[in-house]
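Trainee: Curious how this folds, go ahead:
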Amino acid sequence: MVTISGGRNDAGYWRGEAERWRGEAEAAAAENVALRVRVGELEGQVAALSEKLATLAKLAFGASSEKKKSPAGSAAAGAEGSGGPGGSGRRRRGQQPGSRGHGRRDYSGLETTEEIHDVPEQERVCPGCGTGYVPFGEETSGQIDWRVQITRVVHRRPTYRRSCR
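Mentor: A predicted model of the protein is given here:
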């Protein structure tokens, strides 16, 4: 077979291509080593940040709030009560039957602000005859409002009825 100088079958051309590919492979290998080092550094940072996150989460949320069963759980639960309708020997959760309960707290000692919500005077008339309504009591409700200082807000809404028959 005859080779034409300068063509694709020329040995010099293929040697040049092989050298070029060797250079690119060496560069890729060097880049691969650098990237592996970078990945190692980043994995170390991730581990450090995960540890820091776990520490901060433990500080923020504390120990688990879930109730854990004690090792002697069944013996202690059996001694607490007669069980319930299921007869499992465990007390039901929540307020127990027959207990007094706590009721509502008394907030009457807090600083109080009154807001009066009244109907405009032009709307306090009988739509049929135009006679004005007369007061006969009021509805009062309380709201506990807290900003920087706790206050008790009393809402008063005067009520009216017709004065005509």
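Trainee: Identify the residue nearest the geometric centre of the chain.
Mentor: The centre of the chain sits closest to Phe61, judged by CA atoms, centre = their mean, with a distance of 12.2 Å.
Trainee: Could you check how far it is from Pro97?
Mentor: 34 Å (CB to CB, to the nearest Å). In short, each C-beta sits where N, CA and C put it, glycine included.
Trainee: What of Glu138?
Mentor: 39 Å.
Trainee: between those two, which one's more packed in?
Mentor: Glu138 (14 against 6; other CB atoms under 10 Å).
Trainee: Next, the contact list for the more buried one, please.
Mentor: Contact partners of Glu138, counting by CB atoms under 8 Å, 6 or more residues apart in numbering, are 156-159.
Trainee: Can you tell me the strand partners of the helix or strand that it is a member of and which way each runs?
Mentor: Here Glu138 sits within strand 133-146, counting by DSSP states H and E. Counting by DSSP bridges, the strands paired with strand 133-146 are strand 150-162 (antiparallel).
Trainee: on that earlier part again, kindly reformat the contacts of Glu138 as TSV containing neighbour count, distance to Leu53 and pLDDT.
Mentor: Putting the contacts of Glu138 into TSV (neighbours: other CB atoms under 10 Å; distance: CB to CB, whole Å; pLDDT from 0 to 100) gives the following:
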residue	neighbour count	distance to Leu53	pLDDT
Arg156	13	52	93
Arg157	14	52	93
Pro158	15	57	92
Thr159	11	58	93
